[in-house]
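A.B. asks: Let's see this in three dimensions:
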Amino acid sequence: MALLYSFVIFISFLLDDNCTFVLNSGFRKLSFLISSPKLFQYDTWYSYTPLQYHVLYILSGRGVTLDLSLCGLQGRFPDNDIHLPKLKLLSLWENSNLNGNFPRFSENNSLINLDLSFTNFSGELPTSMGNLKSLQTLDLSDCQFFGSIPASLENLTQITSLSLDGNHFSGKIPNIFDNIRNLISLSLSWNNFSGQIPPSIGNLTNLYGLYFSHNQLEGAIPSPKNENGFSSLSFVRLGYNLFNGTIPSWLYTLPSLVESILTSIFELVNLSSVKLFSNNLSGVLETSKFEKLISLTYLDLSNNMHSLTMSVHSNSMLPNIQILDLSHNNISGILSWNVGNDTLRYLNLSYNLISGFEMLPWSSMEILDLHSNLLQGPLPTPPISKFFLSVSHNKLSGEIAPLICKESSISVLDLSSNNFGGMLPHCLGNFGKDISVMNLRRNQFHGTIPQTFLKGNSIRTLDFNGNQLEGQVPRSLINCRELEVLDLGNNKINDTFPHWLGALPKLHVLVLHSNHFYGNIEFSKIKSPFMSLRIIDLAHNDFEGDLPEMYLRSLKAIMNIDEGNVTRRYMGDAYYEDSTVVTIKGLEMEFVKILNTFTTIDLSNNKFQGEIPECIGNLNSLRGLNLSNNYLIGHIPLSFKILKMLESLDLSSNNLSGRIPQELTSLTFLEVLNISQNHLTGFIPQGSQFQTFGNDSYYENSGLCGFPLSKICTTNEVLEPSQEIEPEFEIGIDWKITLMGYGCGLVIGFSLSYLISLSGKLEWLVRFIHKNIHKKIIRNKRSTHRRGARRS
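C.D. replies: The predicted model follows:
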């Protein structure tokens, strides 16, 4: 008894005010204590309650319970074998900093409950866990275990609850359920299990909860092996797997099912939620079978391969349905069913083959997603309701009736990628204060953009790209203070640069690509214009004059992005995400989502002239820069070496001259470089990313030489002006004069040297300089010869 009392006092001493175990020595002592076969051999009852209400119960008459859950334990649990024959419960759950392997128990044990959940235990499960023959509950959820499940688990014949979810287990689920038939709850979700569910699972007639979701299981779902089937089954989750085949017939008549991610349980009149999303289940769903599901409020069959047939008597069904998701299936034809009695709030039928509707339940709708189908005809006009409407990527046609402007509570209107035409109703600009997204991309609208956008509106995205709109950019857009995305690309807009947009504080994306914009981009009176702008596309217009240095200096959103401390997210909200098309890395790419750290500037195919401003080097978070097909002159700025995040640089088809700065080899993220069709000269820099660029990056620059071009550099081409001087001779005279003399010819060079030598004090230095230049020429000739030999 004294030893037992000492152990209890010892445990309480190890726990501080927050029930935190002292590391190292404490665990070493505990390791010794739990290995002692004599520790808990007494028949008396004793209990002790440490600080913070965490309990260590020692019940020798009825066994021993060791509960250290929620104690903030840290360090490694002892690896010693546990010799505690009367230990009934060991609970360490919710000690996230506690690590170790699965404990080793001797064959002489009576453990009933083992809970290691929400700890950092890891490793493979040992075959010795088969020694736990009295175990009834095993919870290893949300740990770091990996490997396969040992077949010795079939020795746990008394087990009723097995939870292995939230680990890294892999391989096939062993066929062990012939022996462990008492299972009530079986949870293997969120692992990497593959293969088929073993048929012996059909023996689990007492099963109440079955959780296999988020694995890579495949094949058909097994059936029960006797008449009673899974009569107690109430919770089933099999989503996010690779199951195929039809829905098993035994699921139709489960009397106790409360929640199912398996579906088509057509006989369960009290069923309220059915989910079977993201599998490969197929088959024909007959609408008549839904008639008995009068209590159903949530039905999700998305991401499968179901088709749908209409019954003569299916005009009204699912009277209480609120959420219905049949997206990503094979539903086709014209739907004539009437779902819900004014209860449906969310309907997603996207990514099907639906060509039309005879009727739609509109009155309480909040979200209606019909995009990516085969819908034809005019746009259905919804009644007054606050909701999201997407019919994008269909074949709808006709004009937008002004009646739509009366739907003042619409928040997101996406009509993109259809065949709509006609003029836009002028009332679209004052649609209502709730509209946040208006996407009319890729249609055939003509005329002008609505000119009146009221103050206080909530517009976040305006996308009119890919139409035939003309006229000017509405000046009233200055009232859209929440505007983040403005895409007017690929239209016929005839205007000067809308500099006044620089006052919009949240504008991230500005696309004016392929219009008829013209003139100089003049200085703005706004102190810091476009401070939030990250994506700028002014390509394929008639802008002229110098590059807009003032605006380039104020693009604060492209400067000094600390990506390590930035939460990456996509632009948009919980249901609608913005998209755009940009030309980067030489390709036109559609970004169906826009990452909040993505940055690019495209000023190509205009009439810009003058030199490239050095201030572009300040945009050190820039990923794409395209200045091609202009009339730019001068050198490639040395400040480009600061653009460490740059992935694509296109300066082709200009009048640039001089050498390619060797410092550009420090741009280690550069994947695409195009400086072709200029007047560049000299040696192509070597090293880093420059070793990956081909001839296309440099063609039609007759003065360039070196890899990858076939032209071998001469001595003069190899020499870099910034590197011709030995560091120790950078004092005493103006070295540029001497180099200029050498480069322009011996006569001028000797004349300058003579003038310098008149002083009498520097004559020795002139002779020394000429001598060292001669030596350097010889060294470079030898070096060039060796490089040419290696390439051959």
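
A.B. asks: Every contact and neighbour count from this point should use C-alpha atoms.
C.D. replies: OK.

A.B. asks: Helices of this protein, residue ranges please.
C.D. replies: With DSSP state H as the criterion, the chain has helices at 2-14, 25-34, 549-553, 715-718, 735-744, 746-757, 763-791.

A.B. asks: quick one: low-confidence ranges for the stretch 651-792 of the chain?
C.D. replies: 715-792 (pLDDT under 70).

A.B. asks: go again using 50 as the cut-off
C.D. replies: 719-792 (pLDDT under 50).

A.B. asks: Kindly report the same for the chain.
C.D. replies: In the prediction, the chain carries residues with pLDDT under 50 at positions 1-61, 259-264, 312, 384, 719-792.

A.B. asks: which residue packs closest to Phe212, ignoring adjacent ones?
C.D. replies: The shortest distance from Phe212 to any residue that is not its chain neighbour, by C-alpha to C-alpha, 6 or more residues apart in numbering, is 4.5 Å, and that residue is Ser189.

A.B. asks: Would you agree Ile594 is in contact with Met571?
C.D. replies: Yes. With contact defined as C-alpha atoms under 8 Å, Ile594 and Met571 form a contacting pair (5.6 Å).

A.B. asks: Could you tell me which residues touch both of these two?
C.D. replies: Both Ile594 and Met571 are in contact with 577-578, where contact means C-alpha atoms under 8 Å, 6 or more residues apart in numbering.

A.B. asks: Surely Tyr699 and Asn674 touch.
C.D. replies: No. In this structure Tyr699 lies outside contact range of Asn674 using C-alpha under 8 Å: 9.1 Å.

A.B. asks: Neighbour count for these two, which is higher?
C.D. replies: Asn674 (22 against 16; other C-alpha atoms under 10 Å).

A.B. asks: Specify the beta-bridge partners of that one.
C.D. replies: Taking DSSP bridges as the rule, Asn674 bridges to Asp650.

A.B. asks: who are the neighbours in contact with it?
C.D. replies: With contact taken as C-alpha under 8 Å, 6+ apart, Asn674 is in contact with 649-652, 696-698.

A.B. asks: Please produce CSV containing these, extended by neighbour count and distance to Ser417.
C.D. replies: Below are the contacts of Asn674 laid out as CSV (neighbours: other C-alpha atoms under 10 Å; distance: C-alpha to C-alpha, whole Å):
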residue, neighbour count, distance to Ser417
Leu649, 22, 31
Asp650, 22, 30
Leu651, 24, 33
Ser652, 24, 33
Asp696, 14, 35
Ser697, 20, 35
Tyr698, 22, 38
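
A.B. asks: Dump the residues you listed to TSV, plus distance to Pro402.
C.D. replies: Shown next, in TSV, are the contacts of Asn674 (distance: C-alpha to C-alpha, whole Å):
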residue	distance to Pro402
Leu649	46
Asp650	45
Leu651	46
Ser652	47
Asp696	52
Ser697	52
Tyr698	54
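
A.B. asks: Between those, which sits nearest Glu663?
C.D. replies: Proximity to Glu663 was ranked across the contacts of Asn674 by C-alpha to C-alpha; first place goes to Leu649, at 14.5 Å.

A.B. asks: is it true that that closest one touches Leu625?
C.D. replies: Yes. Proximity of Leu649 to Leu625 meets the contact threshold set by C-alpha under 8 Å, at 5.1 Å.
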